[in-house]
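Colleague: sequence first, then the predicted structure, then my questions.
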Amino acid sequence: MKLQVTQENLNRALGAVARVANSRNTLPILSNVLIKTTNNRLSLSATNLDIAITQYIGAKISEEGSITVPARLMQDFVSSLPAGVIDLRLEDSKLHIATDQYKSVVNGIMADDFPVMPEITEGKSWAVDGASLKRALQQIVFAASGDESRPVLTGVYMHTLDGELFVTATDSYRLAEKSLGKNSQDVQVLIPATAMQDLLRIVGDFDGEVEVTHDDQQILFHAGDVDLVARLLEGKYPDYRKLIPSQFAVSATLKKADFVNITKVSSLFARESAGSVTIHVDEETQQVSIRSIASQLGENTATASAKVTGSGNITLNSRYLLDGLQALTGDEVLFGFNGKLEATLLKDTTHNDYSHIIMPLKS
């Protein structure tokens, strides 16, 4: 292998793929990145056996070849180099890296031992707008669980219902659902939230269409010059739709900024009580107030004006409430609930494609 590549392109590609490489794995090669010439382009790949990311970049290739080198070392080294052209040359299993001022040799492992995710040969394919997918992931992924004892809840559920594609995540205390519009395919896939976090980084600056292909075992997202493949999680996702209330005994419509502010202030006094705050919605005064008590520090009540129907109290986790409010995109928010122990709904008044559910705490 012999080629020339710009420092900017190589650094960007390493940044995209190297984070997947796992130095704590029992297989040493999984802490490496695969550098390979493919169809007159350079591809860089990394995998942890559950997720694999490949980025393609332009390069001036004199000789074909492939090698795996330590991902962390390669990323730190290339990011330290000045902008300009880098020469890469492979001799035996040693990668020679040279610029005008630097000359280095990195010991590698032959590419034959690098695990490759199997190709999806008979799967379903569809496409989704990159900007829409990015927004959906920003509004959804944080709601997935980090508790490995319930693996189904550590995933993001993509599924179609009545010809509409939805993305959903829940940790059983809160739930977020986003519609991505019409989709003619029958989609039912459960993707690890960690893979979706990587996908969010990939589509961060990508405005084109993301092509999606999946079978029963894995899913491929193709966004421009980057491919992400993830193994699907097994298990049946809970029937969450019955949790989403359609009517409310108590509802309030208020400015999102006001709701965020009174929640933030109240959360300061709620640290002792694991973030617990009590929200009072009052039809007579047309106000929403949040009360929090800290036995050591004191107490706080913060109030905002709202359009209110019905009156009632509900106790919520202030961090979950803030997360939900900040995921909304509009300037005005609908906040509704039925009883003290029933699910609470947050929704934009202008966008009907996103719902955020928070389960109440026992007051």
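Modeller: Here it is on my side, so go on. Residues are numbered from 1 along each chain as shown.
Colleague: ends of stretch 275-294, how far apart?
Modeller: End-to-end distance of stretch 275-294 (Cα to Cα, to the nearest Å): 10 Å.
Colleague: mean confidence for that stretch?
Modeller: For stretch 275-294, mean pLDDT rounds to 93.
Colleague: buried ones in that stretch?
Modeller: The neighbour-count check on stretch 275-294 (16 or more other Cβ atoms under 10 Å) flags 275-283, 287-293 as buried. C-beta here means a position set from N, CA and C on the backbone, and glycine is covered the same way.
Colleague: max pairwise distance over those residues: which two?
Modeller: Across these, the longest distance by Cβ to Cβ is 26.8 Å; it joins G275 and E283.
Colleague: list the contacts of stretch 5-23.
Modeller: The contact list for stretch 5-23, computed with Cβ atoms under 8 Å, 6 or more residues apart in numbering, reads 30-33, 42, 44-48, 51-55, 57-60, 71-72, 74-75, 78-79, 81-86, 88, 99, 198, 201-202, 226.
Colleague: among the residues you listed, which lie within strands?
Modeller: 32-33, 42, 44-47, 51-55, 57-58, 60, 85-86, 88, 226 (DSSP state E).
Colleague: give me the buried subset of those.
Modeller: Buried among the ones in strands among the contacts of stretch 5-23 by 16+ other Cβ under 10 Å: 32-33, 42, 44-47, 51-55, 57, 86, 88, 226.
Colleague: tell me which stretches of the stretch 51-200 of the chain form strands.
Modeller: Remark: strands assigned in the stretch 51-200 of the chain by DSSP state E, counting those that start in this stretch are 51-58, 60-63, 66-70, 85-91, 94-98, 103-107, 124-129, 155-161, 164-170, 174-182, 188-192.
Colleague: so which of these is nearest V212?
Modeller: Short answer: strand 124-129, nearest of these by Cβ to Cβ, at 5.5 Å.
Colleague: name the helices or strands packed onto that closest one?
Modeller: Strand 124-129 is packed against strand 209-214, with contacts defined by 3 or more Cβ pairs under 8 Å, 6 or more residues apart in numbering; DSSP states H and E.
Colleague: please, which helix or strand holds T253?
Modeller: In this assignment (DSSP states H and E), T253 forms part of strand 250-255.
Colleague: which residues sit against that strand?
Modeller: If you take Cβ under 8 Å, 6+ apart as the criterion, strand 250-255 is touched by 281, 288, 304-312, 314, 331-338, 349.
Colleague: partner strands of that strand and their direction?
Modeller: Partners of strand 250-255 in the sheet, by DSSP bridges, are strand 307-309 (antiparallel), strand 332-337 (antiparallel).
Colleague: which of those is buried the deepest?
Modeller: strand 332-337 (a mean of 22; mean count of other Cβ atoms under 10 Å).
Colleague: any idea how far that strand is from the middle of the chain?
Modeller: From the chain centre to the centre of strand 332-337 is a distance of 25 Å (Cα atoms, centre = their mean, to the nearest Å).
Colleague: can you check stretch 208-218 too?
Modeller: Chain-centre distance of stretch 208-218: 16 Å, with Cα atoms, centre = their mean.
Colleague: now do it: distance from first to last residue.
Modeller: Terminal residues of stretch 208-218 are spaced 23 Å apart (Cα to Cα).
Colleague: list the contacts of that stretch.
Modeller: Stretch 208-218 is contacted by residues 117-118, 120-130, 133, 187, 189, 203, 219-224, 229-232 when judged by Cβ under 8 Å, 6+ apart.
Colleague: kindly report the same for stretch 259-278.
Modeller: For stretch 259-278, the surrounding residues in contact (Cβ under 8 Å, 6+ apart) are 288-304, 313-322, 325-326, 333, 335, 361, 363.
Colleague: among those, which are in helices?
Modeller: Using DSSP state H, the subset of the contacts of stretch 259-278 located in helices is 318-322, 325-326.
Colleague: which SS class is A16?
Modeller: Under DSSP: H, G, I helix; E, B strand; the rest coil, the three-state class of A16 is helix.
Colleague: could you check the pLDDT of it?
Modeller: As predicted, A16 sits at a pLDDT of 91.
Colleague: before we move on, what about D207?
Modeller: 85.
Colleague: likewise Q197?
Modeller: At Q197, pLDDT is 95.
Colleague: skipping its backbone neighbours, what lies nearest it in space?
Modeller: Using Cβ to Cβ, 6 or more residues apart in numbering and skipping the chain neighbours, the partner closest in space to Q197 is V141 (5.8 Å).
Colleague: look at that neighbour and say how many residues are nearby.
Modeller: Applying other Cβ atoms under 10 Å, we find 19 residues neighbouring V141.
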